[in-house]
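# here is a sequence together with a model predicted from it:
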Amino acid sequence: MNFACASVPSLSSQSDMESALNTALSAIEGRGSPRSPTVVIVLTRTMPPELRRAATALRDAANDFDLPDLEKYSLPRGYLQIESLTINGDSAVFRGLLGPVPALGNRSASGCGERFEIHLTRVVRGGWVVTSATEVMC
């Protein structure tokens, strides 16, 4: 008797990561008017490499140390810091913070950011759909 050993694919291939991230980003960008601007992804040193690759493949990106108006904002308007994207089988959870977030001690800057948690489910054709989303300001 011969037994073959099949390798188990990783829980989140690069294409899964890109597809799930694109669905979450589209939900964030589409929450306002039809002309809501595309977000710029903030790249941090702690971001996992596969998430960094997915983010830079999908949207413009900037390093966290190279953002505009850092004296006023720790996270400028229109910039999104991805906190996590966890894929487990046919479910995914995205968490992120959208600016503006004023820099510590800057009382003249307005805004306080929006925190997002978006739950996704894989559909039959391999794409992802949003099943629930939470948006919290301040």
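Thanks, I have the structure now. Numbering: from 1, shown residues only.
# moving C-terminal of the helix ranked longest in the chain, what's the next helix or strand?
The residue-count maximum for a helix in the chain (DSSP state H) belongs to helix 14-29. Counting by DSSP states H and E, the next helix or strand C-terminal to helix 14-29 is strand 40-43.
# direction included, what does that following strand pair against?
The pairing partners recorded for strand 40-43 under DSSP bridges are strand 61-63 (parallel), strand 79-88 (parallel).
# one step back: tell me how far the longest helix of the chain is from the chain's mean position?
Counting by CA atoms, centre = their mean, to the nearest Å, helix 14-29 is centred 7 Å from the centre of its parent chain.
# elements contacting that helix?
On a contact count with 3 or more CB pairs under 8 Å, 6 or more residues apart in numbering; DSSP states H and E, helix 14-29 meets helix 49-58, strand 79-88, strand 91-98, strand 114-122, strand 128-137. (C-beta placed from N, C-alpha, C; glycine too.)
# and with 6 Å instead?
Contact partners of helix 14-29 among helices and strands, from 3 or more CB pairs under 6 Å, 6 or more residues apart in numbering; DSSP states H and E: helix 49-58, strand 79-88, strand 114-122, strand 128-137.
# mind listing what's buried in it?
16-25, 27-29 (16 or more other CB atoms under 10 Å).
# same list (these) but as a markdown table, adding distance to residue 81.
Shown next, in a markdown table, are the buried residues of helix 14-29 (distance: CB to CB, whole Å):
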| residue | distance to residue 81 |
| --- | --- |
| 16 | 21 |
| 17 | 17 |
| 18 | 18 |
| 19 | 21 |
| 20 | 17 |
| 21 | 13 |
| 22 | 17 |
| 23 | 18 |
| 24 | 13 |
| 25 | 13 |
| 27 | 16 |
| 28 | 12 |
| 29 | 15 |
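# list just the nearest of the residues you listed to residue 59.
residue 25 (6.5 Å; CB to CB).
# okay, and the helix or strand of the chain with the least pLDDT?
Across the helices and strands of the chain, mean confidence by mean pLDDT, DSSP states H and E is lowest for strand 101-102: a mean of 84.
# what is that one packed up against?
Looks like strand 101-102 contacts strand 73-75 (3+ CB pairs under 6 Å, 6+ apart).
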